[in-house]
Structure formats: C-alpha cells, structure tokens
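>>> Got a predicted structure plus its sequence, pasted below:
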There are 4 protein chains.
Amino acid sequence: MSSKGSSTAIDTIAQEANDDPEAGTLTDGFHLVIDALKLNDINTIYNVPGIPITDLGRYMQAEGLRVLSFRHEQHAGYAAAIAGFLTKKPGICLTVSAPGFLNGLTSLAHATTNCFPMILISGSSEREIVDLQQGDYEEMDQLAIAKPLCKAAYRVLHAEDIGIGIARAIRAAVSGRPGGVYLDLPAKLLGQTMDADAGAKSLVKVIDAAPSQLPAPDSVARALKVLKGAKRPLIILGKGAAYAQADNEIRALVEKSGIPYLPMSMAKGLLPDDHPLSAGPARSLVLKESDTVMMIGARLNWLLSHGKGKSWGDIPKKFVHIDIEPKEMDSNVEIAAPVVGDIGSCVQALLDGMGENWGAPPADWTDAITAKKETNIERMAPKLQNNNVPMDYQGALGVLRTIIKERPDAILVNEGANTLDFARSIIDMYKPRKRLDVGTWGVMGIGMGYAVAAA
Amino acid sequence: MSSKGSSTAIDTIAQEANDDPEAGTLTDGFHLVIDALKLNDINTIYNVPGIPITDLGRYMQAEGLRVLSFRHEQHAGYAAAIAGFLTKKPGICLTVSAPGFLNGLTSLAHATTNCFPMILISGSSEREIVDLQQGDYEEMDQLAIAKPLCKAAYRVLHAEDIGIGIARAIRAAVSGRPGGVYLDLPAKLLGQTMDADAGAKSLVKVIDAAPSQLPAPDSVARALKVLKGAKRPLIILGKGAAYAQADNEIRALVEKSGIPYLPMSMAKGLLPDDHPLSAGPARSLVLKESDTVMMIGARLNWLLSHGKGKSWGDIPKKFVHIDIEPKEMDSNVEIAAPVVGDIGSCVQALLDGMGENWGAPPADWTDAITAKKETNIERMAPKLQNNNVPMDYQGALGVLRTIIKERPDAILVNEGANTLDFARSIIDMYKPRKRLDVGTWGVMGIGMGYAVAAA
Amino acid sequence: MSSKGSSTAIDTIAQEANDDPEAGTLTDGFHLVIDALKLNDINTIYNVPGIPITDLGRYMQAEGLRVLSFRHEQHAGYAAAIAGFLTKKPGICLTVSAPGFLNGLTSLAHATTNCFPMILISGSSEREIVDLQQGDYEEMDQLAIAKPLCKAAYRVLHAEDIGIGIARAIRAAVSGRPGGVYLDLPAKLLGQTMDADAGAKSLVKVIDAAPSQLPAPDSVARALKVLKGAKRPLIILGKGAAYAQADNEIRALVEKSGIPYLPMSMAKGLLPDDHPLSAGPARSLVLKESDTVMMIGARLNWLLSHGKGKSWGDIPKKFVHIDIEPKEMDSNVEIAAPVVGDIGSCVQALLDGMGENWGAPPADWTDAITAKKETNIERMAPKLQNNNVPMDYQGALGVLRTIIKERPDAILVNEGANTLDFARSIIDMYKPRKRLDVGTWGVMGIGMGYAVAAA
Amino acid sequence: MSSKGSSTAIDTIAQEANDDPEAGTLTDGFHLVIDALKLNDINTIYNVPGIPITDLGRYMQAEGLRVLSFRHEQHAGYAAAIAGFLTKKPGICLTVSAPGFLNGLTSLAHATTNCFPMILISGSSEREIVDLQQGDYEEMDQLAIAKPLCKAAYRVLHAEDIGIGIARAIRAAVSGRPGGVYLDLPAKLLGQTMDADAGAKSLVKVIDAAPSQLPAPDSVARALKVLKGAKRPLIILGKGAAYAQADNEIRALVEKSGIPYLPMSMAKGLLPDDHPLSAGPARSLVLKESDTVMMIGARLNWLLSHGKGKSWGDIPKKFVHIDIEPKEMDSNVEIAAPVVGDIGSCVQALLDGMGENWGAPPADWTDAITAKKETNIERMAPKLQNNNVPMDYQGALGVLRTIIKERPDAILVNEGANTLDFARSIIDMYKPRKRLDVGTWGVMGIGMGYAVAAA
Ligand SMILES: Cc1ncc(C[n+]2csc(CCOP(=O)(O)OP(=O)(O)O)c2C)c(N)n1
Ligand SMILES: Cc1ncc(C[n+]2csc(CCOP(=O)(O)OP(=O)(O)O)c2C)c(N)n1
Ligand SMILES: Cc1ncc(C[n+]2csc(CCOP(=O)(O)OP(=O)(O)O)c2C)c(N)n1
Ligand SMILES: Cc1ncc(C[n+]2csc(CCOP(=O)(O)OP(=O)(O)O)c2C)c(N)n1
C-alpha cells in the first residue's frame, strides 16, 4: 500500500505534464496557473507542499516564482496575509487539501477579518468522490467550508478557466474592501492539457483591479459640515488608513484640520507617534471628551468598545465615518456622516472641500489633550529605563523603544498579551506600516509568517 | 395539548406588551420594530401571519403600516422583492419561523440573484433550545441557513439593538449592489420591554443609505477610449440600468453616442422599444457582429451566453462594463474597461467625458442593423394578427401588444416558458420598469406577488 | 433569445438519448436513474417538470413509473414526504434547479424533522459555471445548501456512479432514523451515455436497506427494572411508533403491561382511541401525575414541553426511552433507561423480557385516569352535536368524528391551527396511520400533497 | 487601551465566581462544566488558555482535573482525538474563540473523519454582538462553522443547561459511529451563577453512553452464507476493529474461520503481525485474488482503492461489511451482506452462528498466501539490516522494528510520507492499539499531541 502522501508521488513530476509530444504546442493546468499569476505580477508564493500541489510548487520555482515553503500552513498563511497588507497585492498561500486547507483557513479568516487581500489556493481531491462522500484522500468540500470565512470563493474545473478563475480571485481580494479569497484547484485540473496558444489567450490580465471609488460630493459636504460644527473633534486612524498608502493626504488632512488623532495599533507611524497632534497617550481622555469623531479606515468594533459605553463617556458624539464598505456604516452606532469610497479619494475630497481657511479646533480642547499627554508620558518615562531583575515588560520594551527610534525603518512584529498591550503604548513608531501585530482577532502564532513576509 | 399554532396564541395580544403600567413610559420589541421601520420611511409589509409574528403584524396595522397578508410566503416574498426593484427601498416580507422562513427564502434568494433590495424578517424560536437542538417549535438556525442566499444576515437579541439591526438591514439591502437581507427576530425579543425614551433614542435613521459611488476618472477615460476605437459598438442595458432610475441620463448617453442598444428583458422600455437605435429585433446580428460592447447594469451571465461562444460570433470583442460591484468585472470574460460606480454617476461621467463632438458609429454598422430589424419586424407582423383557432401564442400576445401600445403605463407581469419568450420579443414596452418578469432564475410563481406589489 | 425554460427545450427529447445507433448497446444517465429506481422497487415520482429534468420525467413515464406532476414543488414534496411515512420506502420528489430546488427544500427539511424517508432529486446546472459563480441558469450550489437540512446529500457526476448514488440515497433515507436525503443530478449527467451492459452492472440493489437494530439486552433489563418500580407508569406513543409498522407488538406491550398510554397526534389509531388504556382524554393528568414514562418513538420536544416544567408537574419522573437514534437520549432531560434499537425489535425484546407474570400498575392510578377520561368525554359530548349557526369548530368536527367512526379506513389529513387542535382531541382514530397532519413543525400547506399521496 | 488578551484578564480569576457570599450556596458556569465532566468520569483536558476560557482551565486544575496545556491548539486537539481512540471516552480539547477554535477545528475534523470520539469545547464571544456582526473580540459564529465538520454541535446559553449540554456532547461523541462533537460555551455562560443545589440537580449522568447495537439475526445468517460460499475469502480489519476493544472475539473469529486477514495500518497488532493468518506481506495478492471480503471496522475508502479498479483485480468480489453505521454500506460498491451493529456484538454473533464445524478455506488459497508472504519477507530482510551511510529508511526502521519486537508494549506514533509507508510494512506490531498514525487524512502534525496523550 503506497500512501498518496508517499515519496513516489511527491518526487515524480506528473507524467501528463512531461509528455508534451512537441514542446511548446501544449500547455497544462500547472503552467496556466503559473502564467496567470505572473501575468498579474504575482511573484511570491508561501506554501507547504504535498499532494496534489507538490508539483505545482516545483514548477513555480522552475518558472522563476519565489516559493517560500514552511512546515506548517499557519506560517505560510500569515505570511501571505501580511504580504497583502504591505503590498496591496493579494498574498498567495498554497496548501494541500483537507488538513492543509483547514490549517490555512485560520489565516484566510484572519485576512478577511483584518481586510488584508490574500488568496488561499488549495488543491482538492476528485470531485466525483467528494460529492458522493466516498472517502477520497483528504476528502472535503473545501469550497463550501471556505465560503463563510472569506470574501469570495471559486473552484476551477477546466484548464481553460484557470485564467478567469485567477483573475476573479485577484480582483475579489483587492477591490472594494479587501479580504481573503479562496481558490480551489482540484487535482485533476492541474494535469489537464490544452493547446498552448489557446491557453495563452485564455489568460486574463486584470485591468484596474482596485479602482478608486470616489465619494458622493454631498456626503463630503455633509461630513465637513459636521466637522465644522465640532467643539472637540477627534480623528481615529485605523489600519485601513495604513493600507491605503495615502500617507501624505492623511497627514495633510490631520495637519490642515488641526484635529488631534488617535492611531489604532497598526496605524501607528502613519504620522510619527511624537507628532504634536497625536492623542495616543491621552486615549481615555479623547474618547470620553470628544464630541465629534471622524473614523478613517477604522471600525467601531470591540477595539473601540463599539463606539458606546463607559469608555466613550457621557457626551453625545457625532460620527463621521470614511470607509469603502457601505455596510460598515451604522454597524454599531448611528453614523451622522457616512463617506463611502476608497480612503485616498475620500481624504483628498475632504481636503479639497476644506478650502483655504479651515479653522483649527478650539484651543481649550487641544491644550487639554497636550497637557494630559505630557503628564502620561512623564509618568511612564522612568519605568522604561528601569533595570529590574528579572527584567520586566517596561524595562525590556523601553530598550526596544530606543532601538526603533534609532532605526525607524525596522519592522516590529508584535504578538502576546502583555507584550502586545505594553508595546503598543511604549514603543513609538515613526513610519507607516512598520508595526505589524495580531490584528482584529488577537491571533497568537502570526509571528514567524509575518516576519518572513515582511523581511 | 394546545399547539403553538393554536388560536389562543394567534388571537391573544401578548401580555407583556399590554401590561404597560403607565402608558408611554415603556415600549417593547414589537413597537421598536415598527418605529424603526417608520423612521426609515418603510410603510408596506408583505406577510403571512403566525407564531411568533402574529402580534407583530397586528400591531403594525394598528400603527398605520400597510400590511398585505397572503396565504403562502412565496407571494409575500415576491411582492417584497419586486417592490424593492420598483422603489429602490427594501421590500419587506415578514414570516414565521422554519417552514414559513424556508418558503420565504426562495424569494430572498431570488431578490439577491436579481439584485433587488429586500428584507426577509422572520420570527424564530428560543435561542437556547435551538442551539441545543432540543426540538423547539419550528426549530431552525435560520440565520445560518439564510447566509449563503443573501447579501447580509443579522439577528437581534436585545430590544435596544432593534434600531441598529433594522438600520443595518436597510443599508445592506440598498447600498452597493442591492440584494436580499435576512433579519432574524427571536420570539422573546418582541415581548421585551424597555424605557420608551431610551427606546426612541436607540432608533437609527439611516443617513444616505445608498450613497452615490463615483467612478474613477481614469476608468471613465479608458472606457471612452475603447468606445472611440470601436467600429461596431453596441450597448446592452440590463435591469440594473432600469433599477438605477437614471432614465434621462441613459437615454442621453445612447442618443449622444449614436450607439445601437439591446435591452435585456426587464430593461425594455428604458428607451421605447421603437426607438431607432433599438437593436432588439436584430439581437443575433449585433451579438455576433459587434466589436465593442458596453454593458450598463447587465451581467454576462447565461442570459448573454456568458459573453462567449457561438452566439457571440468570431469577431474579438472588447467589453466596457459599468457596474457598482467590482467583483462583477471579469466574471466571465476579460473586461477591457471596467467602470465601477453607481449607474447614474457612471453614465453621467461618460456623458461629461464625451464632450460636444462625439462622432456617431460608422453608418454601415447602424444601417445593417436597421435593415435586419425591418426584415424581422416585417416577417413577424402577420403572425401577430392571426385569428387561429385555437388561439396561438402569437395571436394572443399580438393583442396584448396592442393594448400595451395604447396604455404604455400598464404594468406587464410575465411568467411561463413560451409565454415568456414570445412576449419578450412581441410586446413592445415604452416606459421604464413596466415589464416585470421571472428574472435571472426564471422562477415560476412570481406572478401573484408581483402583481399585488406593482398595483 | 430563447430562455432555457423555453418550449424548445421542454418539448424536445434530448438527442443523445435518442441517437442509440444500435438499440440496447448504449444507455444514458436518464435511463440509469430510472433503472436504478426500479431495481429498488421505487415506482412513484412526485415532480414539477422543467429544465434540466423535463426529459427525465417524460422518460420515467415512458418506462412505466407513476409520475404525478404538480404546479408547485411544495405539493410534490409533501406528497413524497408522507409517502415515505406510509410505506417505509423513500418518497421521491423531483424538481428543477435553484428555485424549484428551494421550493422543494421546505418539504425535505420537513421530512427530516419528522423522520420520514424521502429523497429530493433536483437537477442542477453546469458545475464549472456554478463553481466559478458565473451566473448559470438557475445557478446554485444546491448540495451545500441542502446539507444542513437533510440526513445525507450526494451529487453524482458520472453516469457509472448513478447506481451507487441512488443506492446510497435510499439506504440513507430509510436506515437508522429515517429522514430526508438530497440527490443532485447535474444536467450533463443525464445525457451521458455508456455501454448498456456496463450500465446494468453498475446498478446496485440495496440489500436490507433498513436492517433491524436489536437493543442491548442489558438496556432492556434496565428498562424493565425501571418500569417494574413504577407506581404511576405511562406510555407515550409517537409517530415513530406508527412508522415502525409494529402494530401488533405495540398493542401487545400496552395490553400486557396494563400501562395507560398517550398517543401523539400521528400515533392516534395505533391502538383505537377508545381503547380502555388510552389516556388521551386525560392528558394533563397523566403528564403531571405519572412517575415513570416510557417513550416509544416519541421525542421530548416542544410537543411534550421538553419533558419538564409546569405541564409535567412536580413529581420526579423516570424516563424509559425507545428510539433508534442514540443521540435522542438525554436530548432534553436525563433518560434513566435508554433503549436503542428499532422500535419493533425493542418492543419485542421488552415483551420477551416481561415474562408471563408481569403485574398491572396499581389500580388507584388506572382508576384515576379512567375517571378523568369519562368526565372529560362527557363534558365534550354535547358540544359535538351542536347545530350552531354559523357552524363552529366543535359542531363541524363532531360530524367528521362520526364519519371516521363509521369509516375507520378513511384517511384524515389535518392542517390549520384551531382545526388542528380541535380535531386532534375530537376525532377518534381506530386504525394506524390514518391520521396525517402538519407534524413537528406545524407546516401549513401540506394538505394537497398529503392527500394525493395517501389516496 | 487594554486588549482583551491582556494579562489583566488572563490573570484575574473572574469576580462573579469568587464572590460567593456563602460558600456552597451558589455555583457558576465554570463549576457546572467541571462537575458535569467529572460526573461523567472525564478527567483530562487538553487546552490552550486565553479569553474567555482562561479561568475555566484554572478552575479545572484547582478542582483536580488533569489539564495539559499547549502553545498551539493543534497539539491539544490531536491529543484529545487520540485519547478518544485509545479510551473510548471522548477526548476533550479546550480552546479560545475564533482563531483558537479554528486551529482546533482541524483536529476535530480529523477526529470525525477517523471516527474518534472527541469534544472540542471552545469559548465564544457575546451572542448579541456576533449575531449582529458588530466586530466583537474574536467574533465568529463558531457553531455554524463547526457543524459540517463534526457529528454534532451544541451551544449552551444558560447555566442550568450545562449538564444536559455536556451529556449530549458525550453521548453524541461515543454512540453509534464515534466522532467529533463541538460544544460552544459563550463567555457569559461561565460567569452565570445559580443555586448550588439546583445546579447539582441539573447535571446529567449519561447512562449507557454507547449501548451495544446487536445485528439483525438474518443479516448475520446472510453474512455466514456468503462466507461459506467463498473459495478465496479474506478478512480486512480496520481501525474501527481496534477501537472496539473486542480483541479476543476478533482473534477468535479469524482463527475459527481460518480466513487470512489484512490489517489496516492502525489495526496492526490486533492479532500479532507474525500471526500465520496475517496476509499483510501478501497484500497485493489477496486484494486481487480474493473472491469474498469481510470488512470489519474498515471502510472501502481511498486507502482500499474504493473496493474496485486495478488493485482489486478482475475477480468479482462479494463483500460482507460489519459496521455500526448503516450509511457506510454500499458507499463505494454493492455490499452483498451488510451487518450493522457494534463490532463486538457483530463478531460475537458471527462466532455464535458459525457453530462448531466451520470448515477452513481451501488450502490452495491459504498456501498461495503463505508462499507469497515468505518470499516477500525474505526479500525484505537483508535491507532491514543494512548499515548504509547515510542511513536509509530501511536501515533506520529495521532498528525500530527490533525495538518494538523486544518491547511490544511501546507505542509507535508515525508521521511523514516515506516514513509512514515504510514503517507500516517494516515494523511489526504485536499488541492492539500500539501503532498510532496520521489516519484517514494523512495529517502532518499529529505527532506531538498523540505522543503526549498516549504517554
Ligand atoms: C490562536 C490563539 N490561541 C490562543 C489565544 C489566546 N491567547 C491570548 S494571549 C495568549 C498567550 C500569550 O502568552 P505570551 O505570548 O507569553 O504573552 P505575554 O507575555 O505577552 O502576556 C494566548 C494563548 C489566541 N489569542 N490565539
Ligand atoms: C419554481 C419553478 N419550478 C419549475 C420551473 C420550471 N419551469 C419552467 S417553465 C415551466 C412551466 C411553464 O408552463 P406554462 O406556464 O404553462 O408555460 P408556457 O405556456 O408559457 O410555456 C416550468 C415548470 C421553474 N422555472 N420555476
Ligand atoms: C408555512 C407556514 N406558514 C405560516 C404558518 C403559521 N400558521 C400557523 S396556523 C396558520 C393559519 C391557520 O389558518 P386556518 O387554516 O384558517 O386555521 P384554523 O381555522 O384551523 O385556525 C398559519 C398561517 C405555518 N404554520 N406554516
Ligand atoms: C497538514 C498537512 N499539510 C501538508 C501535508 C502534505 N504532506 C504529506 S507528507 C508531507 C511531508 C512529509 O515530509 P517528512 O515528514 O520529511 O516525510 P518523509 O521523510 O517521511 O517522506 C507533507 C507536507 C499533509 N499531509 N498534512
């Protein structure tokens, strides 16, 4: 009995693929997948090999893709997820069926939750056996299992549909609100052959995969009106703002408006944490005391106590919310001014609409924040320089804080519980997208994959 | 043994609701649902009564909502679906749990597939029994069952969340690409009481539920460039174009561009079917011979043979595609110029971009179409006036054709197989949204509900 | 444009099937389905025709199956469901894809909930288009949608697997606890041809589809011990007991034990409702006052108030539970003596174990019940003979009561709310499986299908 | 901002639980879970701590349960899965929500696929937030996600239902065909308090969790008749046979019948691999040449090439299949004699039915097997003693082979691809359930968890 996972299978390049009678006249599923990825400028693959995608990984390498292989799919998956965040192109994770797929699924769900573009490509077993539930090797209806945990899920059955399948996956991952996409490649598909010319024609170059979405002018006007009426305005920057790579526009908006801002953990560094308008060290105060809050690429989820309750104090708030996904509006509380569009376009439209004479917020508000910040920073300072034995969180992270200050381009990957909480407030960031952490779900295990992909 | 479906339960207004010690100081789930709907200008409800929503229907009537009750949920559901199409506000269908919910689900899936905004509100049984699968009355995890068949699905557990729940449902139904939304109201929720003032404050008025989404300027430029390069251009209008209620802009675009157009069945009448640029009676010709096709609110699904194959001929096509949903792009074939945004905004942007001197398409192309149209119309004419006994489809529909011509405001609801195919080509429409038919899935049974809602 | 639902498609018998060059040497998917059903003694099909199963229905008729066609799938579905209950063979409902499938799904879920063996066979669209979600005619991943609502779900992709697919569906429907099974037949499968001999060999005659499952001897002993210790024992007969067709054994058990019994609504008539041991008219009393309850094919669901709470009184109960499904045990309350096996075998084992000298329950218990019964019957009697104008429920049902008494073989199908509650207590049944009603979910709409299938 | 994953939350024992004013009068969700497990003799928990189950793990330890904590849920999960296999009691894996749950889900699916009894208990977030999808900490509808990958899934909402919930989970895991069960414990449940006496009464001691299921006597007779007619019979023992712990009966059946047997990989050692009737080393021969095959706790899945095709040769086979799950019958090929029941009872019934004079199979069959075995063993022998440098699989495993021979009680955990294939044929096992490997799905990563649980 030779297990399907045996060396024979893993070591042999599939026959179909080799048997091209005249080189160049036929292509196959393996190469169509590779060509489709390349055509769309996708060059890096994070994978764990095995049936039925061992040969796919091998061919990918042979064809010049960068294939980074791991021993557990979670690392490949988290690497792909964060690569998507950093590059705005879908990160690709490639796995085997059933258990490999399920291991990878955690990271796909993580990508979806965090709005990172990622494609999980998994091999799958024979459709006819799976659909009759006859116990195929690693049998599972992966497509159905993946659907609730991703933005879109596709399965390709014929070689001539590989081009369109990959195009759809890419577009789904990056357009609108980005997220995880599942692409199912049944074992038999990869070995299918077809005429090479027809194959080349079947490929699809995705045009304008993530088109700008401009906000409605009246929504911009409404937002500006709300902001103008504010006595104690606040801006909250989320990781969506970091993702947008509209760093200059965002900085301009904060500075032109003079409104204090709070960065969510992965938005730290979008403006340097020592920026005068940063309200980070006065977080409790600004949440409680603000009367108007503009969310930019941040969600009113648990990380912001759902926009209500004790941490938001008793003062009634008006929310301006900038997000590409209209369904995010009113998700937790009423949004007075929804601005739906991509963040770059929305921020630009606000800047344009503010005109030249936008007045700064009342000084008592900004002064109160500054005062609070200073007190808090002062109080923390000595702790960060302690030399306690054994070392404590503050002492250790105080050292890291200095390192990052000196080398602001370094990327900080942050897991843990205390380590997470302390590092977030202790370590200042100075550049966008340099702090990568456990994200919306607080997932343990992201570290190795993140570090590899960010390197 | 008294069944939960018994008259006792149906006839008695729930005690909790009645027992307000001081009128006006308490409200309950029933009234919060009603108030939330009213606040958002939703006034018509299509339902089939029964536990646990009998009293809800009754209170709705008492509070001035228009409640149209049916004997089978499919009629209530299709009525809600088409009401959504006609009004751009979500049509509401209200049902009992498990079997009532499942009966209604067909229409919810139909709404989603057809991109009609609709909310299916179903009562559901006790969460604690359902989750332990202990066999509650009409036990079912309706939320999980609904999810794959709708755009969004929510369940509300506390009275104070009714406002936000209904706001989310409304926004999800109409924003972006419209579709079906499921809202689950557990029996116990409806009887929950809370302070009336707090209740009133918990309601959410949805602001700008379906904001305009403006296309990226470069995507508009790209589209115009493709159109300009065309020798044999064609416009296809889908029911999304009819939904948009941008009738004037669409007509202006067709006429300014001089490009022949083909209306999908529910887009008939957007321009009158006897418009000189209508290519309806030359359908086979234009699909085959065109070199550039601009889709406006139509999808390249089976109704258009997926944009490829025999009916599209051998001439390579370039597609311009206008749709609010970016994932629609490349769904079947490569899209040379995706234009993502709401149809009104996109069409306006194209009009603006065309400037004053846009040239008409080559005359040989438009002449060929006109010639073909005339031949086809001529050939059909005598059949439509036959007096065969027994009456045949042509004879019968020929009569209807005349009636609609005389009364172009009449609404035509069209089911059936032959009746559908023949009527589509025989009966000309002259006004937008007057032809309502079986839609993308070709569903039998839509007739009664559609007719009631359209009346 | 010819809709897929057009007359052409409906009227033409598929070419592949006709084109057998030499009759008898080839067969096709259509005929393999038919032959597989026949081989397993399935002769009646309830359907609504349409693409892609129009021709299948037609061939079925041509091949001698009894095809009963309806205008709405719910009737076909409920007919199949109740046919399964009455015959212990799976009732077959055949539908078209997406909307037809969904309409049928309500009845499949109903069958599963009621433990009726039924197979919903639906045609489905092209796999490659559905899996890429490209908008096929009636596109839907029906297999995934059906799974949570049925006992088993299979899809057959190759003609040579039709035999095994139908065998699995049959066995799954009737073995263990019976239920609904979904069988997905993609359009292309039906037209596939294969060698007729190989086809014949590929068919599977299901051997012993629902084998007896004998209870563990120690579980029988435990149950008898509990019964023996009872002072106020009660037997509850459920529709599972009616399904089992072990009428003599069940009657023998009741009579030998001398224990009063309560029939659930579809178990009425298993023993005649005027049997001296019937506790039907003393329902409240026996639920409250009993100390030991033996459930036979009944579940402690909402219809029995989950085995706890007010209607069960304060006296601690011991439950003996006979069911083929071990997971039913402890579903709502602790089961002191689970007896897992098919009802016929379990009842026989109990009878065997009781020996010759089993003592009747204490007379004060049975006397109290008899007294209560007589009072209740007496009180009801005059109401049943009223001639009120307008007629009331009691008067109308009183007449029906007499008719059934005179013609005990008549089948009574019972829908409604009041009609249901009143008829259940007013109309006595005298033969097993003559009362068919809305079942566990109380579904409105079962009437026509039930009546047709029962006729 | 303090993340929910922060040390504060992890370190503090929940207040509710501590605050019992008078010890002993109140209990809470934490303790009800623990007491329910203990009452049912479950003493070991495999977990990864975190919100919301940190305190649960801690209390478990305090109350004397054996809590083995890991850094990744896969190890906890595989440990639980294999513990279930070895003990016939459900192995318990305890995880946090969303990512922890998903990580554990791979092992739950693995348990289900392998028919190992296991319960995955995961904490989950606030129902009201999850159901409205408002972005709770680790928000996910875990119940819905788990369902397709396990035998049963339950969620408990009230403290008084913890007893019944755990009882159901246990019974579902071990009764019938064993498998994975998911149990969802929302965060709030654990802190709920209730009267301690009522709490104690609410617990459920599962009686006869996995009752014997005796086969139908006629099915046993049918099986014996088929066996009697065989010229070249074969027995295949699967891991279900190992699970059954009916070692003596199985050995007696093989020996009394004189039929050669083939052990599947985890059934090795059920009889010692050097037993004269073992056909292991003649696998290809017996699959091809046998005319009758009796499957005992093995499935005709991919590991047995689905019971057809090349490896099964041309000789028509008759299958006798012993399994507790009737749906397994005919899953891949027609079963001539299904015997449905638990393996111990079925094997015993066959032994009883064989009587005293059961004749051995024809000698030419058994002689051919013996000859083949000897040749194969002889050919392999020298390879196992090679001293190649670098060491090769044969050399390395040859050493292990000797060790296991000398210490047959040692447990062998086997992962890998080549390592798996070679070790299976090289290393003889002498005792039941001493070889633990990657199972039906060939999952990489089972090693550490298995080893810990088996230790
Ligand atoms: C996949 C996953 N499993 C479990 C958890 C629960 N969890 C949150 S923090 C944490 C441990 C943190 O320990 P460590 O890394 O030592 O943290 P620190 O010293 O920073 O507090 C765990 C297991 C999680 N967030 N994700
Ligand atoms: C819910 C549903 N069930 C079944 C079908 C399949 N179907 C398509 S057309 C049709 C019948 C049409 O009959 P009729 O209305 O008499 O049509 P016509 O005379 O127009 O051909 C059916 C049953 C469907 N489209 N929808
Ligand atoms: C499919 C479905 N929809 C709705 C209901 C809710 N329901 C229960 S009884 C009933 C109406 C009963 O009316 P009628 O048949 O006139 O009853 P009766 O005179 O017997 O009270 C309804 C709609 C249901 N049980 N099933
Ligand atoms: C979770 C999971 N991921 C991936 C695979 C695919 N797979 C099968 S064997 C194997 C690697 C085996 O490597 P190693 O353990 O070095 O094997 P050996 O030397 O025994 O061949 C992998 C990755 C799998 N079976 N399970």
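Everything's here; your move. Ligands and ions are numbered 1, 2, ... in the order given.

>>> what residues does the stretch 351-455 of chain A put near chain D?
A:417-418, A:420-421, A:424-425, A:438, A:440-445 (C-beta under 8 Å from any C-beta of the partner chain). For glycine as for every other residue, the C-beta is placed from the backbone atoms N, C-alpha and C.

>>> Take those residues and keep only those in strands.
Counting by DSSP state E, no part of those is found in strands.

>>> right, and the pair among those residues with maximum separation?
A:425 and A:445 (23.1 Å; C-beta to C-beta).

>>> ok, these two, which is more surrounded?
Neighbour count, other C-beta atoms under 10 Å in any protein chain shown: between residue A:425 and residue A:445, residue A:445 has more, with 23 against 18.

>>> That one contacts residue A:79, doesn't it?
No - with contact defined as C-beta atoms under 8 Å, residue A:445 does not reach residue A:79; the gap is 11.8 Å.

>>> Tell me how chain A divides into domains.
A:4-202, A:217-374, A:385-454 (automatic domain parsing).

>>> Just name the most buried of those.
Highest mean neighbour count of those: domain A:4-202, a mean of 23 (counted as mean count of other C-beta atoms under 10 Å in any protein chain shown).

>>> before we move on, back to that, now mean pLDDT and distance to residue B:324 too, for the domains of chain A, in TSV please.
What follows is the domains of chain A, written out as TSV (pLDDT from 0 to 100; distance: least, C-beta to C-beta, whole Å):
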stretch	mean pLDDT	distance to residue B:324
domain A:4-202	92	10
domain A:217-374	98	10
domain A:385-454	96	27
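
>>> Dump the ones you listed to CSV, plus distance to residue D:71.
Listed next are the domains of chain A as CSV, based on distance: least, C-beta to C-beta, whole Å:
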stretch, distance to residue D:71
domain A:4-202, 12
domain A:217-374, 23
domain A:385-454, 8
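
>>> Stretch A:29-43 near chain B anywhere?
No - Stretch A:29-43 lies out of reach of chain B by C-beta under 8 Å from any C-beta, never closer than 10.9 Å.

>>> chain center to that stretch: distance?
Relative to its chain's centre, stretch A:29-43 lies at 22 Å (C-alpha atoms, centre = their mean, to the nearest Å).

>>> Kindly export that stretch (C-alpha atoms) in CSV.
Output of stretch A:29-43 as CSV, limited to C-alpha atoms (Å, rounded to 0.1, in the frame of the first residue of the first chain):
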residue,chain,number,x,y,z
GLY,A,29,-3.0,23.3,-15.7
PHE,A,30,0.2,23.7,-13.8
HIS,A,31,1.6,26.2,-16.2
LEU,A,32,-1.6,28.0,-16.8
VAL,A,33,-1.8,28.8,-13.0
ILE,A,34,1.8,30.0,-13.1
ASP,A,35,1.4,32.1,-16.2
ALA,A,36,-1.8,33.6,-14.9
LEU,A,37,-0.1,34.6,-11.7
LYS,A,38,2.9,36.1,-13.5
LEU,A,39,0.7,38.0,-16.0
ASN,A,40,-0.8,39.7,-13.0
ASP,A,41,2.5,40.5,-11.4
ILE,A,42,2.3,38.0,-8.6
ASN,A,43,5.7,36.6,-7.9
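
>>> contacting residues for the nearest residue to residue A:159 once chain neighbours are set aside?
With sequence-adjacent residues excluded and distances taken as C-beta to C-beta, 6 or more residues apart in numbering or on different chains, residue A:159 is closest to residue A:192, at 4.1 Å. Residues in contact with residue A:192 (C-beta atoms under 8 Å, 6 or more residues apart in numbering or on different chains) are A:16, A:28, A:29, A:158, A:159.

>>> Which two among these are spaced furthest apart?
Greatest spatial distance among the contacts of residue A:192 (C-beta to C-beta): A:16 and A:158, at 14.7 Å.
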